[in-house]
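Q: Have a look at this prediction, sequence included:
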Amino acid sequence: MKLGLQLGYWGAQPPHNHAELVDAAETFGFDTVFTAEAWGSDAYVPLAWWGSRTERLRLGTSVIQMSARTPTACAMAALTLDHLSGGRHIVGLGVSGPQVVEGWYGQSFAKPLARTREYIDIMRQVWARQAPVTSDGPHYPLPYAGEKATGLGKPLKPIVHPLRADLPVFLGAEGPKNIALAAEIADGWLPLFYTPRMADTYNSWLDEGFARPGARHTRETFEICATAQIVLTDDPAAAYAAIKPFLALYMGGMGSEDTNFHAEVYRRMGYAEVVDEVTALFRAGRKDEAAQIIPDAVVDDSAIVGDEAHVREQIKVWEEAGVTTMLVTPGSVQEIQQLAKLVE
């Protein structure tokens, strides 16, 4: 089992301790550091900034929102960082949701699976640099041929020769179709709320993708980098209480009341009644109550909370389920050192 440091995205202010966390992850043998974005800080600037302090860690985005950049712009950023890091970059992509895509980026959310396929194809054309980049669309036509086109658009190849002709692409995917797509066209899967209890279900969705013509990987070569709340503690009740507001936000406050992809994950996990109650309370402004009604078992399903023996045991369970990297969010150098010892 490998460990990845998930720095996430910023809150109201830049975090104060990310430099020391990245240094510790490099020192104590973590495999990867990941950054994210929502509608505040972007993912690439912090990743390059903190990545410049490292020599060994892989540098990933988990995730960048496709609608934030055209596919060629994303490919440019990726090939640039890959050069600067000596070939250590992982491009983690996600479609986000209609509230962000249409409300923040001013673009259509329609046909997310088809857009993802087209987006990745264009990026791989850029990195391969075998011919000028073109796309028949319909989502990202190159050259542009819309009503306002000048007709002067010209297919181009990147000026810079990419360090690697085929950078790894991971997909942040939550639904069955998107997970199957990840197995077909990507190099890894970035699940946010993963439970080893449903490994057989996940594997059936992944196997659908692996079986498609032209699939890039088999199960043996495909990476699953799962976000994992790991809390080493002799006081599980306090840890559950600290995690529940985060779950309430994602379960009841993200997206809209009837379109929340994170909530659907928990519905598929068998917690539809909990999701409905949390959503109703959260949308009514009763956020504390929404968190308090989440049962400990719901937290336990996608987190590991307990003493060292319990955490070691559960890490093995996740590994046996197929997870290759656990993305963790330690808050201190001491926590990073403790986690590193658990996977030695």
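A: That came in fine, so what should we check first?

Q: Rounded mean pLDDT for stretch 153-168, please.
A: Stretch 153-168 comes out with an average pLDDT of 98.

Q: cool, stretch 333-344 as well?
A: pLDDT averaged over stretch 333-344 gives 95.

Q: next one: stretch 278-296
A: 94.

Q: neighbours around Arg124, how many?
A: For Arg124, the neighbour count with other Cβ atoms under 10 Å is 17. From N, CA and C alone the C-beta is placed, and that goes for glycine too.

Q: Ok, Asp234 next?
A: The local packing of Asp234 (other Cβ under 10 Å) involves 9 other residues.

Q: What separation do you get for it and Tyr119?
A: Separation of Asp234 from Tyr119 (Cβ to Cβ, to the nearest Å) stands at 46 Å.

Q: Next: Ile64.
A: Applying Cβ to Cβ, the value for Ile64 to Tyr119 is 11 Å.

Q: Show me where the stretch 201-344 of the chain dips below the pLDDT cut-off.
A: Counting by pLDDT under 70, the stretch 201-344 of the chain has no low-confidence residues at all.

Q: Please, where are all the helices along it?
A: Secondary structure of the stretch 201-344 of the chain by DSSP state H, counting those that start in this stretch: the helices cover 236-248, 261-268, 272-283, 287-292, 296-301, 308-321, 333-342.

Q: Now the longest one: buried residues?
A: Going by neighbour count (16 or more other Cβ atoms under 10 Å), the buried part of helix 308-321 is Val311, Gln314, Ile315, Trp318, Glu319, Ala321.

Q: can you check the first one too?
A: Residues of helix 236-248 classed as buried: Pro236, Ala239, Tyr240, Ile243, Lys244, Pro245, Leu247, Ala248 (neighbour count, 16+ other Cβ under 10 Å).

Q: Output it as PDB, nothing but the C-alphas.
A: Below are the C-alpha coordinates for helix 236-248, written out as PDB (Å, rounded to 0.1, in the frame of the first residue of the first chain):
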ATOM      1  CA  PRO A 236     -13.100   7.200  18.300                       C
ATOM      2  CA  ALA A 237     -16.200   9.100  19.400                       C
ATOM      3  CA  ALA A 238     -14.400  12.500  19.100                       C
ATOM      4  CA  ALA A 239     -13.000  11.500  15.700                       C
ATOM      5  CA  TYR A 240     -16.400  10.600  14.400                       C
ATOM      6  CA  ALA A 241     -17.800  13.900  15.600                       C
ATOM      7  CA  ALA A 242     -15.000  15.800  13.800                       C
ATOM      8  CA  ILE A 243     -15.600  14.000  10.500                       C
ATOM      9  CA  LYS A 244     -19.400  14.200  10.400                       C
ATOM     10  CA  PRO A 245     -19.700  17.900   9.500                       C
ATOM     11  CA  PHE A 246     -17.600  17.200   6.400                       C
ATOM     12  CA  LEU A 247     -19.800  14.300   5.500                       C
ATOM     13  CA  ALA A 248     -22.900  16.400   6.100                       C
END
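
Q: what's the spacing between that helix and its chain's center?
A: In terms of Cα atoms, centre = their mean, to the nearest Å, the centre of helix 236-248 is found 21 Å from the chain centre.

Q: Packing partners of it?
A: Packed against helix 236-248 by the contact rule (3 or more Cβ pairs under 8 Å, 6 or more residues apart in numbering; DSSP states H and E) you find strand 229-232, helix 272-283, helix 287-292, helix 296-301, strand 303-306.

Q: Regarding the nearest residue to Glu208 once chain neighbours are set aside, what is its secondary structure?
A: Take Glu208 and drop its neighbours on the chain: the residue closest to it by Cβ to Cβ, 6 or more residues apart in numbering is Ala180, 4.3 Å away. Of the three states, Ala180 takes helix under DSSP: H, G, I helix; E, B strand; the rest coil.

Q: Do you have the helices of the stretch 1-150 of the chain handy? List them.
A: All helices of the stretch 1-150 of the chain, identified by DSSP H, counting those that start in this stretch, fall at 18-27, 44-51, 71-84, 98-103, 112-128.

Q: who wins for proximity to Thr218 among these?
A: helix 112-128 (18.8 Å; Cβ to Cβ).

Q: picking that back up, overlap in contacts of Ile64 and Tyr119?
A: Common neighbours of Ile64 and Tyr119 (criterion: Cβ atoms under 8 Å, 6 or more residues apart in numbering): Cys74, Leu93.

Q: now the residue nearest to the spatial centre of the chain, nearest residue through space, not along the chain?
A: Centroid-nearest residue in the chain, with Cα atoms, centre = their mean: Ser62, separated by 3.4 Å. Leaving aside its sequence neighbours, Ser62 sits nearest to Phe34 (Cβ to Cβ, 6+ apart; 3.9 Å).

Q: do the same with Ile336
A: Ala24 (4.3 Å).

Q: Where do the domain boundaries of the protein fall?
A: 2-229+307-342, 234-306 (automatic domain parsing).

Q: which residues of the stretch 51-200 of the chain fall in strands?
A: Assigned by DSSP state E, counting those that start in this stretch, the stretch 51-200 of the chain shows strands spanning 58-61, 64-65, 89-94, 169-171, 188-189.

Q: any chance of these in TSV, plus mean neighbour count and distance to Pro14?
A: Output for the strands of the stretch 51-200 of the chain, formatted as TSV (neighbours: other Cβ atoms under 10 Å; distance: least, Cβ to Cβ, whole Å):
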stretch	mean neighbour count	distance to Pro14
strand 58-61	26	18
strand 64-65	24	18
strand 89-94	26	21
strand 169-171	24	25
strand 188-189	24	28
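
Q: All good on my end, thank you.
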